[in-house]
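1. Have a look at this fold, sequence not included:
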Ligand code: DI6
Ligand code: FE
């Protein structure tokens, strides 16, 4: 085994197990080697044969160690901005009205197609740096602003490239069913058929980890999404869904039939949708940034979700139209304020349950043998991660055992 690093004189919030914050460990330490957690616990219990092999020690002055944060739903790669549209909405136009008037997602599609690979990379890197500086170690990035084979491929390649840069682990989702591109006006079913073929090609090129769709009146119907999900199943790819954000389409029930990893948004989720998700083990991804930024008032059915035992995740939904949010901690804070999560639930939502929403069993908790993705926070208690709105409290970010210098 390569060199061992010891993070010591810390407190640990493991998020592993049902007790509050998982388990809290005082005078704790985490020993890291070969990208994994080799040992963790109260420092006096560190076995002497391991202690003898420690090469680097980080004294953390009673700071808190949590699992690295996982942003399980973003649209990070895109061209252009939609700040003018924000002004229009503040002046009274609705999100759906703007979409119908040719603004909205389609305007970002145009800007994305024009941006080129280097333009997309440059702006996405800047946004990614902000998310990482606030604790993100794994990020999901969707396509969905290209809407042609080459443009979707470019978005996914840029997302993969961001992962290869080395500062964060990237998971990609294919979201061609996000909006109907102008070339297919009036031919949505033809577009769905094309998108199914693109999926096969992009999967073969190793660019796709999961398949997503926008199931909505201004997006795609359940019947259309189902055709894509059947293709995903053929290819052995997991699915997830933007479901019941602006209306109840029964998308959650459809997604549950395909054992979806997650359904996301869910403001209009029905009781039947809740039950279907509970039975399928589908995670509910809450996106309070979009709720807040669009000035929504309809809340996801949180009590019903919790009563049914559906795991809750929290993500930024970073995108230029409905959630230009660049801090997962701020998403946690908004989830507490708007959706009534406790700070502990919000942190689970951005760690262990977010990992589950991506189908990743090797992270999201502090446990021996899992990936050493860690955040060290200069706070007095992990509840502060949802309390501070902004600010810098991250002192170390560790990705698969590597110390990242941005923290
Ligand atoms: N739901 C959303 O909130 C984003 N996409 C989606 O399917 C919005 C994307 C955009 O407005 O550009
Ligand atoms: Fe989204």
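-> In hand now; what should we look at? From a predicted model like this one, the values you see are computed outputs, not experimental measurements. Numbering: from 1, shown residues only. Ligands and ions are numbered 1, 2, ... in the order given.
2. need the residues of the stretch 251-400 of the chain near ligand 1, please.
-> Listed as neighbours of ligand 1 in the stretch 251-400 of the chain under the rule C-beta under 6 Å from any ligand atom: 290, 317, 319-322. To be clear about C-beta, it is placed using only N, CA and C from the backbone, and glycine gets the same treatment.
3. Which ones among the residues you listed map onto helices?
-> If you go by DSSP state H, those have residue 290 in helices.
4. how about the residues of the stretch 251-400 of the chain next to ligand 1 in a markdown table, adding neighbour count and pLDDT?
-> Shown next, in a markdown table, are those (neighbours: other C-beta atoms under 10 Å; pLDDT from 0 to 100):
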| residue | neighbour count | pLDDT |
| --- | --- | --- |
| 290 | 27 | 96 |
| 317 | 29 | 98 |
| 319 | 25 | 98 |
| 320 | 24 | 97 |
| 321 | 25 | 94 |
| 322 | 26 | 93 |
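5. Against residue 93, how distant is the residue most central in space within the chain?
-> Geometric centre of the chain, nearest residue: residue 72, 1.5 Å, by C-alpha atoms, centre = their mean. Going from residue 72 to residue 93 by C-beta to C-beta, to the nearest Å gives 30 Å.
6. Likewise for residue 85?
-> Separation of residue 85 from residue 93 (C-beta to C-beta) stands at 8 Å.
7. who has more neighbours, those two?
-> A direct count of neighbours by other C-beta atoms under 10 Å for residue 85 and residue 93 places residue 85 higher, at 21 against 15.
8. Can you tell me whether I have it right that the more buried one is in a helix?
-> Yes - Residue 85 forms part of a helix when assessed by DSSP: H, G, I helix; E, B strand; the rest coil.
9. residue ranges with poor pLDDT in the chain?
-> Within the chain, the segments meeting pLDDT under 70 span 1-2, 407.
10. Nearest to ligand 1: which residue in it?
-> residue 321 (2.2 Å; C-beta to the nearest ligand atom).
11. In space, what's closest to that residue - neighbours in sequence excluded?
-> residue 82 (5.0 Å; C-beta to C-beta, 6 or more residues apart in numbering).
12. show me the contacts for the one you found.
-> Contacts for residue 82 (C-beta atoms under 8 Å, 6 or more residues apart in numbering) come out as 103-104, 107-108, 320-321, 324.
13. could the residues of the stretch 251-400 of the chain next to ligand 1 go into JSON lines alongside distance to residue 274?
-> Output for these, formatted as JSON lines (distance: C-beta to C-beta, whole Å):
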{"residue": "290", "distance to residue 274": "20"}
{"residue": "317", "distance to residue 274": "21"}
{"residue": "319", "distance to residue 274": "26"}
{"residue": "320", "distance to residue 274": "31"}
{"residue": "321", "distance to residue 274": "27"}
{"residue": "322", "distance to residue 274": "23"}
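14. Go through this protein and flag its longest helix.
-> helix 105-133.
15. is that helix anywhere near ligand 1?
-> Yes - counting by C-beta under 6 Å from any ligand atom, ligand 1 is contacted by helix 105-133 at 105, 108.
16. Output the contacting helices and strands for that helix.
-> Applying 3 or more C-beta pairs under 8 Å, 6 or more residues apart in numbering; DSSP states H and E, one finds that helix 105-133 contacts strand 136-142, helix 149-164.
17. Output the ones you listed as TSV; include the columns mean neighbour count and distance to residue 267.
-> TSV is the format used below for those (neighbours: other C-beta atoms under 10 Å; distance: least, C-beta to C-beta, whole Å):
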stretch	mean neighbour count	distance to residue 267
strand 136-142	28	19
helix 149-164	20	26
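18. Distance to ligand 1 for the ones you listed - can I get that in TSV?
-> Below are the helices and strands packed on helix 105-133 laid out as TSV (distance: least, C-beta to the nearest ligand atom, whole Å):
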stretch	distance to ligand 1
strand 136-142	8
helix 149-164	13
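19. among the ones you listed, which is nearest residue 265?
-> Of all the helices and strands packed on helix 105-133, strand 136-142 sits nearest to residue 265, with 13.3 Å by C-beta to C-beta.
20. residues from the stretch 1-150 of the chain in reach of ligand 1?
-> Residues of the stretch 1-150 of the chain lying near ligand 1 (C-beta under 6 Å from any ligand atom): 104-105, 108.
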